[in-house]
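> Based on what follows, work out the 3D shape:
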Amino acid sequence: MRRRIDLLPEPASRGLALDEALLESVRGGGEPILRFWIGDRAVVIGRSQRVADEVDLAAVERAGVPVVRRASGGGAVLHYPGNLNVSVVVPSEAAGGVEEAFERLGACVAGAVCGMGADARAEGTAVVSRLGKLSGAAQARRGRAVLYHCTLLLEPDAVPMERYLRALRAGYAPTQIPSRPRPTTTLSELLGRRVGPQEAAAALGSALTRVLGDPDGGDGLTAEEVERAETLRLGRYEDPTWTWRE
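Numbering: from 1, shown residues only. Reported below is the predicted structural model:
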């Protein structure tokens, strides 16, 4: 398994396109990968959600915040530089079934948080603590390959999530797949000290590789993966017909 750490903030469209390119690669027999990355500010919605249900369109337009639709299911999230993205791309036999993957990999994330001195537990697709939700996960499956990706809130954002996400407001009533709103917190608030992405990636990497296997495949991407990610970024993740489809 490869382990890759990309901690310079990048557009969500690029990060999500690479997730899908890696899923396709592993489906075709490519080396599994555990990847950590940081996204620039963006609202990211689930594959089967309706943008207008989930996003305050006037607010994102005023702020110039992009809206991106991902390939996996689940609810809307806000990407910002204080939020670490974790992407696990493996054959399905390594992840297990849908519920098993959420349980096993969510427990790894919770275990890493506990190892840093905080209380946390996996609960469905989320990792929660006494102060609120720390992480949410989603999956996409292609053939016998699985993409499990989640966010881990590290530091508070200057902008409240409810400015952009309708699920956090009263009266939220989606017509398609709903988000699962609940109070959130960050790892830094929970521990009472700053937790940076490098520290969090190291703790998460140790916990996940104990379950998935040692990262003996290096940290590189193939030329084909990089090329496919760019094609997906331009042809899907930055294409309004994909993002705004009903």
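
> And the contacts of stretch 188-208?
Applying CB atoms under 8 Å, 6 or more residues apart in numbering, the contact partners of stretch 188-208 are 3, 5, 7, 34, 36, 38, 84, 86, 88, 105, 108-109, 111-113, 115-120, 129-131, 134, 152, 154-156, 187, 215. C-beta: built from backbone N, CA, C; applies to glycine.

> now, which of those residues lie within strands?
Mapping the contacts of stretch 188-208 onto strands (DSSP state E) picks out R3, I5, L7, L34, F36, I38, L84, V86, V88, S129, L134, L152.

> Farthest-apart pair in those residues, please.
The distance between the two most remote of the ones in strands among the contacts of stretch 188-208 (CB to CB) is 25.7 Å, for R3 and S129.

> rewinding a little: redo the ones in strands among the contacts of stretch 188-208 as a markdown table? Include neighbour count.
Shown next, in a markdown table, are those (neighbours: other CB atoms under 10 Å):
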| residue | neighbour count |
| --- | --- |
| R3 | 19 |
| I5 | 16 |
| L7 | 15 |
| L34 | 24 |
| F36 | 22 |
| I38 | 21 |
| L84 | 27 |
| V86 | 24 |
| V88 | 27 |
| S129 | 21 |
| L134 | 25 |
| L152 | 25 |
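
> mind putting the residues you listed in CSV, distance to A170 and pLDDT included?
Converted to CSV, the ones in strands among the contacts of stretch 188-208 look like this (distance: CB to CB, whole Å; pLDDT from 0 to 100):
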residue, distance to A170, pLDDT
R3, 42, 95
I5, 39, 96
L7, 36, 95
L34, 39, 97
F36, 35, 98
I38, 31, 98
L84, 30, 98
V86, 31, 98
V88, 35, 98
S129, 24, 96
L134, 24, 97
L152, 27, 98
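
> now, which of those sits nearest G143?
Nearest to G143 among these: V88, at 16.4 Å, using CB to CB.

> For that closest one, which non-adjacent residue is closest in space?
Y148 (4.5 Å; CB to CB, 6 or more residues apart in numbering).

> Who does the residue nearest in space to the middle of the chain form a beta bridge with?
For the chain, the residue nearest the mean C-alpha position is C150 (3.3 Å; CA atoms, centre = their mean). C150 has these beta-bridge partners by DSSP bridges: V86, A137.
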